[in-house]
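Chemist: Sequence plus the predicted model coming up.
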Amino acid sequence: MKIPQHKKIEPGLPQSCPRQVGLQIQGLSLALSGVAVLENIGLDLAKTGVTSLIGPSGAGKSTLLRCINGLHQDWQGQINLAGQDVRYWQGGWDQLRRHIGLIAQKPCVFPESIRANVTFGIQGWRQRRRANGLVEAVLQQAALWDEVSDRLMAPAETLSLGQQQRLCIARALAIKPGLLLLDEPTASLDTRSKLLIEQSIKSLAASIPVLCVTHDLDQAQRLGGDVVFMCEGKVIEQADCESFFQRPQRLESREFLSWNVCQC
Amino acid sequence: MTRTQLSKLLIVGLALPALFVPAGCLVYILFKGLPALSWSFIFSATEGTGFGASSGILAQLLGSLLLALAASLVATPFALGTAFYYRLYASPRQQRLLVGLLNMLQSIPPIVFGLFGLVVFVHFLQWGVSLLSGAVILALVILPMLVLNSIASLERIPREYTEAAQSLGLKHSAVIGRVWLGQAWPGILTGQLLAMARALSETAPILFTATVFSGVIWPTSIFSPVTTLQTHIFYLAQEGNNQEVTQIAWGSAVVLLAAVAGFSLLARRLSSWSDKARVITSEE
């Protein structure tokens, strides 16, 4: 696959990003192979807290995360992070991604040690070598420290799937992101791992905004915060968790909550 | 006899010669060559007299290894560059064209490469019959193999690794260095070893460009000619009536076979080791 290159760089914007950033999306549209995948998406994320992104398969939830992270770059519209247009982020997409942690649905650990995985995103081998404190801190935040503290140099592939997913979260946290994007992080995990990851997400959301794609409506309720309901590439409804599940405003939302289907 | 038994007999009848004829060749070469082997035959290097009948083959063996290594060193940067171009920048049409071209290059008869080397490197560039001319022409011979192998190694890297590294904000160069090269190196190295085995077994490309039969033991510079096992066997075989010389040729053939087999076995070990590591990764 091709590594996308950042095309436009506008000098003068600050390279650093505040620890807490807000995300605003306006009129975001994307077509892949001539098919509209996202249409006129508008979204606001608070500076902290969880936002669950729900909707049927093919609604464009994962694609939206990839647009925010710059893995898709041919979109129209505007994505602002901490008030800055991400297209003109100084240093390009690579620099932008250092402020956005993205956790994929399937845990992807590099075939290296647990410690090397945690420090993979840290720039400079000296910094990676000296990151013992950071390694412990992020593994604790990801609720994994107690399980791996005595075998940090063991291969990461020896961990269970649930542990690997938490390792991916720790790896993303090690770059100190201002925004965390999670793409069905607990799909196909056992209940214990699921609850541990949810617990970890909730504690992280106290300091940074977290946007979490999930198919599990119970999970969206457990996570709390806001809910964004998407269907066929459009945002249908955005509300706080309680309002959305108790009093959905749109017919499509009610249909989805009742029958888990959506006819937009 | 039923139709199933008949078809089985036919398949076995066709398969057995394909196995036994090469195996028979190997046994015959060993049978003829092993008696010639001795410590002094392999590890002494004296200038050949009597068509090499009185000399050891250390210079030829080292010459062959030196040429194969030099060819590999010349070809590797270009092979990696082409493989990365294929993976990063080439459009699907360009990719198809590139693979087609590489397959075509692979099918060019080695003697044609030898002729090209003689005209271009030896005469036109005036490098003469030398280690340099031989290494460059052998590099051209093994280049398609190295490129195709490097492409295959890069394509085996899961897409998720690239995306995971990109998501962490790694620069383009870091993704290539730490993820792509970091993951693909066993495959690339395996290809290197196989390409060196191929270079060791090539005679025609170096016949006019790099080697001489007598007058040289060690090359003194990259512009000096070398002696190699392949061409040593070629020259000795022309003296088919001389039993003593023929015996030396068989002995040299066994040593050359052992060198080629050594590289191939090393490549297979490396390949199976990296496959095992990959299986463990995917099973977890």
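Modeler: Yep, that arrived.
Chemist: what does chain B put close to chain A?
Modeler: Within chain B, the positions near chain A by C-beta under 8 Å from any C-beta of the partner chain are B:88-89, B:158-172, B:175-176, B:178-179, B:183, B:277, B:280-281, B:284. Using the backbone N, CA and C atoms, a C-beta is placed for each residue, glycine as well.
Chemist: of those, buried ones?
Modeler: By neighbour count, with 16 or more other C-beta atoms under 10 Å in any protein chain shown, the residues of chain B next to chain A hold B:161-172, B:175-176, B:178-179, B:183 as buried.
Chemist: Among these, which lie within helices?
Modeler: Taking DSSP state H as the definition of helices, these contribute B:161, B:162, B:163, B:164, B:165, B:166, B:167, B:172, B:183.
Chemist: From residue B:161, how far off is the closest residue to the fourth one other than its chain neighbours?
Modeler: If I follow you right, that is residue B:164. Spatially, and ignoring its direct neighbours in sequence, residue B:164 is nearest to residue A:108 (4.5 Å; C-beta to C-beta, 6 or more residues apart in numbering or on different chains). Note on residue A:108: its distance to residue B:161, by C-beta to C-beta, to the nearest Å, is 7 Å.
Chemist: what does residue A:201 give?
Modeler: Remark: distance between residue A:201 and residue B:161 (C-beta to C-beta) = 24 Å.
Chemist: Tell me the helices and strands packed up against the longest helix seen in chain B.
Modeler: Longest helix of chain B, by residue count under DSSP H: helix B:243-283. Counting contacts by 3 or more C-beta pairs under 8 Å, 6 or more residues apart in numbering or on different chains; DSSP states H and E, helix B:243-283 is packed against helix B:3-33, helix B:39-43, helix B:58-88, helix B:182-201, helix B:229-237.
Chemist: Please state the offset of the shortest one from the chain centre?
Modeler: The one in question is helix B:39-43. Computed by C-alpha atoms, centre = their mean, to the nearest Å, the chain-centroid distance of helix B:39-43 equals 24 Å.
Chemist: cool, and the first one?
Modeler: Using C-alpha atoms, centre = their mean, the distance from the centre of helix B:3-33 to the centre of the chain it belongs to is 26 Å.
Chemist: Quick check, pLDDT for residue 199.
Modeler: Just so you know, I chose chain A. Each residue has a pLDDT score; the one for residue A:199 is 88.
Chemist: I was after chain B.
Modeler: 93.
Chemist: what's the distance between it and chain A?
Modeler: Distance, residue B:199 to chain A, by C-beta to the nearest C-beta, to the nearest Å: 31 Å.
Chemist: Just confirm that residue contacts residue B:140, I think it does.
Modeler: No: here residue B:199 lies out of contact with residue B:140, judged by C-beta atoms under 8 Å, at a distance of 10.7 Å.
Chemist: Out of those two, name the residue with the larger neighbour count.
Modeler: Set side by side, residue B:199 and residue B:140 show more neighbours around residue B:199, with 29 against 20, by other C-beta atoms under 10 Å in any protein chain shown.
Chemist: that older thread, compare the helices and strands packed on helix B:243-283 and report which one is nearest to residue A:189.
Modeler: Among these, the nearest to residue A:189 by C-beta to C-beta is helix B:182-201 (25.5 Å).
Chemist: What distance do you get for the residue nearest the centre of chain A to residue A:66?
Modeler: Closest to where the C-alpha atoms of chain A average out (C-alpha atoms, centre = their mean) is residue A:181, at 0.7 Å. Computed as C-beta to C-beta, the residue A:181 to residue A:66 distance reads 9 Å.
Chemist: Residue B:20 now?
Modeler: Residue B:20 is 57 Å from residue A:66, where distance means C-beta to C-beta.
Chemist: same check, this time on residue A:113
Modeler: Distance from residue A:113 to residue A:66, counting by C-beta to C-beta: 28 Å.
Chemist: Compare neighbour counts for the two and give me the winner.
Modeler: Neighbours per residue, other C-beta under 10 Å: of residue A:113 and residue A:66, the larger number sits with residue A:66, 20 against 16.
Chemist: is it true that residue A:66 touches residue A:72?
Modeler: Yes: between residue A:66 and residue A:72 there is a contact under C-beta under 8 Å: 4.7 Å.
Chemist: For the chain, give me the ranges with low pLDDT.
Modeler: All of this refers to chain A. Along chain A, the model assigns pLDDT under 70 to residues A:1-21, A:188, A:260-264.
Chemist: My question was about chain B, not that one.
Modeler: Along chain B, the model assigns pLDDT under 70 to residues B:46-55, B:214-216, B:240, B:275-284.
Chemist: middle-most residue in it, spatially?
Modeler: Centroid check for chain B by C-alpha atoms, centre = their mean gives residue B:198 as the closest residue, at 2.1 Å.
Chemist: so it sits right up against residue B:144, yeah?
Modeler: No: checked against C-beta under 8 Å, the pair residue B:198 and residue B:144 is beyond contact range at 10.4 Å.
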